[in-house]
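A.B. asks: need a 3D model of the following:
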Amino acid sequence: MSEEIRKLKDSLKKLFKMNKLQDSKLDKITCIRYTMTWQCNFKCVSCNIWNIKAKPKEELTPHDIDELTKNKLLKNVKEVVFSGGEPILRDDFSEMVLAFHKNLKKAKFIITINGYDPDRAYKFFKKIKSKAPKLKWRLIGVSLNGPKEIHDKSRGVSGSFEKAIKTAELLKEFSSNVDFSFTFLKNNVEYYDWVQDLAKSKDLGVHICWTVMNDRFSTTEKDLVFQNNPALIPILNRYSSVDNIKFTKDIYGDFFKYKVYIKWAFLYDSIINKHIMPCHAGKTFFHLAPYGDIYPCNFKLSSDRHLGNIKKEPFEQIWKKIPQKLFDEIKAGECMYPNGVCGDSDINRSIGQVDTPIFEWYLEKRKKGEKLINKEK
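C.D. replies: Below is the predicted model of the structure:
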C-alpha cells in the first residue's frame, strides 16, 4: 500500500469519526429551572438568599404552573430542576411538583434541599408518589458540606448535619439517585473524600457544587475555590473519572469512547482557567423565579436579563421577544466570569448538548500532551 493511499485511508477514517460529533439544533426548550421560593431557614456562609424578604403570597401557584406548562413551546421539556431558597418550606410543595408533572409527562425532576426537616420532606415526597407513581426523580440532592462541625458552621444551623443524613436516607424510597450535595468552600475542600466515604457507606451518591458571586451570594473573589485552590484538581480528576481514561494513539476514537468523562473535564478545566464555554440559556432552558419572572438562567437575575412575567403576559410572547443582543452577550461569555464562575448545572447542561467545541478543546490537549484538567500558568 502506497503512502498516499495510507494517508487517504487515515483521513477518511478521521472524517467518518468526526461525523459522529453530535450538536443539538438548540431550537427546543428541554429544561426549566424553577426557583420555588426565596424562603430559607438556613444562614449559609456563602449565601445571602436568607436575607431576601420573601413574599409567599406573591409566589406562583399550582394553577399558574398548570397554565404555563400547557404551552406548546414546552412540549419537549425533559427535565425540571427545582431550587430555592428551601423548596419544601412551601406548604404546597407536592402540589407544585404535581402541577409540572400533569402537563410535562416526558419530564424527569431534579431537586436539592437542605434536609433540615426529614419528616416534612418524607411526607411531601410520599404524597407525590401516591398521586403520581410514574413521576421520576432523576436526582434528589441533600446538602452536606463535611463532618458535623464543618457542615453546621457552613450552613449556619446547629443540628443540621444529623438531619441531612436522616433526610437523605428516607428519600431513597423515592429515587435510585439520592446524593449528598457538597458545596466547595475555602475551608472544606479536604473533607470531600470524607463525605464521599460516608455516602458510600449509606448507599448514597455525591455531587459537587460551587459558590458564585452575585447579589444572592456573599462569596468574594478569595472564596472561589475552583480558581484559587490547586488541591481541588486531584478531586476533580477523580470526580469526572478522568483518572479512569486510558488514552491510545487513536485520538479520535478515544474521544467517542470517553466522551462523557471528557465533557466533565472540559467543564472543570474551563472553570479553573476562566475559559468561555458554550451556553444555551434562553434557547434550550430558562429560569422561572418565584413570582413568575422569566430569565435566561438562574445565575444572573438582573434587570437587563428580565424577559417578562408569566402572570402578566403569555409565555410565547416572552420567548419570542428575547433580544438578539442578549444571545450575543451569552455567546461571548460576557456574563460567565464577572460573577466568579457560572452556575454548574446550567453550563453542564449546555455542554451536554454539543460535541464540536469540546472536541476542539480535547484535540488541542492531546496534541500538546497536556492533562485534561490543569491550571494554566
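
A.B. asks: rest of the way, CA atoms for contacts and neighbours
C.D. replies: Will do.

A.B. asks: Phe93 is in contact with Pro87, correct?
C.D. replies: Yes. Counting by C-alpha atoms under 8 Å, Pro87 sits close enough to Phe93 to count as a contact (7.0 Å).

A.B. asks: so the two - more neighbours on which side?
C.D. replies: Shown here are Pro87 and Phe93; by other C-alpha atoms under 10 Å, Pro87 has more neighbours (23 against 20).

A.B. asks: so what's the more buried one up against?
C.D. replies: Taking C-alpha atoms under 8 Å, 6 or more residues apart in numbering as the contact definition, Pro87 lies against Thr35, Met36, Thr37, Gln39, Phe93, Ile113.

A.B. asks: ok, Lys129 next?
C.D. replies: Here Lys129 is in contact with Leu135, Phe174 (criterion: C-alpha under 8 Å, 6+ apart).

A.B. asks: for it, pull up the helix or strand it's in.
C.D. replies: Using DSSP states H and E, Lys129 sits within helix 118-131.

A.B. asks: in that helix, which residues are buried?
C.D. replies: When burial is assessed from 16 or more other C-alpha atoms under 10 Å, helix 118-131 yields the following buried residues: Pro118, Ala121, Tyr122, Phe124, Phe125, Lys126, Ile128, Lys129.

A.B. asks: can I get those in JSON lines with distance to Tyr252 and pLDDT?
C.D. replies: Shown next, in JSON lines, are those (distance: C-alpha to C-alpha, whole Å; pLDDT from 0 to 100):
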{"residue": "Pro118", "distance to Tyr252": "48", "pLDDT": "98"}
{"residue": "Ala121", "distance to Tyr252": "47", "pLDDT": "98"}
{"residue": "Tyr122", "distance to Tyr252": "47", "pLDDT": "98"}
{"residue": "Phe124", "distance to Tyr252": "48", "pLDDT": "98"}
{"residue": "Phe125", "distance to Tyr252": "45", "pLDDT": "98"}
{"residue": "Lys126", "distance to Tyr252": "47", "pLDDT": "98"}
{"residue": "Ile128", "distance to Tyr252": "45", "pLDDT": "98"}
{"residue": "Lys129", "distance to Tyr252": "44", "pLDDT": "98"}
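
A.B. asks: re earlier: just give me how far the helix holding Lys129 sits from the chain centre.
C.D. replies: Distance, stretch centre to chain centre, for helix 118-131: 24 Å (C-alpha atoms, centre = their mean, to the nearest Å).

A.B. asks: can I get that helix in PDB, CA atoms only?
C.D. replies: This file holds the C-alpha atoms of helix 118-131, laid out as PDB (Å, rounded to 0.1, in the frame of the first residue of the first chain):
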ATOM      1  CA  PRO A 118     -36.700  14.900  57.400                       C
ATOM      2  CA  ASP A 119     -40.300  14.100  58.300                       C
ATOM      3  CA  ARG A 120     -41.800  17.000  56.300                       C
ATOM      4  CA  ALA A 121     -39.700  16.100  53.300                       C
ATOM      5  CA  TYR A 122     -40.700  12.500  53.500                       C
ATOM      6  CA  LYS A 123     -44.400  13.400  53.800                       C
ATOM      7  CA  PHE A 124     -44.200  15.600  50.700                       C
ATOM      8  CA  PHE A 125     -42.400  13.000  48.600                       C
ATOM      9  CA  LYS A 126     -44.700  10.300  49.800                       C
ATOM     10  CA  LYS A 127     -47.700  12.300  48.700                       C
ATOM     11  CA  ILE A 128     -46.200  12.900  45.300                       C
ATOM     12  CA  LYS A 129     -45.600   9.200  44.800                       C
ATOM     13  CA  SER A 130     -49.100   8.300  45.800                       C
ATOM     14  CA  LYS A 131     -50.600  10.800  43.400                       C
END
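
A.B. asks: was I right to think Ile140 contacts Asp179?
C.D. replies: Yes. Using C-alpha under 8 Å, Ile140 is in contact with Asp179, at 6.3 Å.
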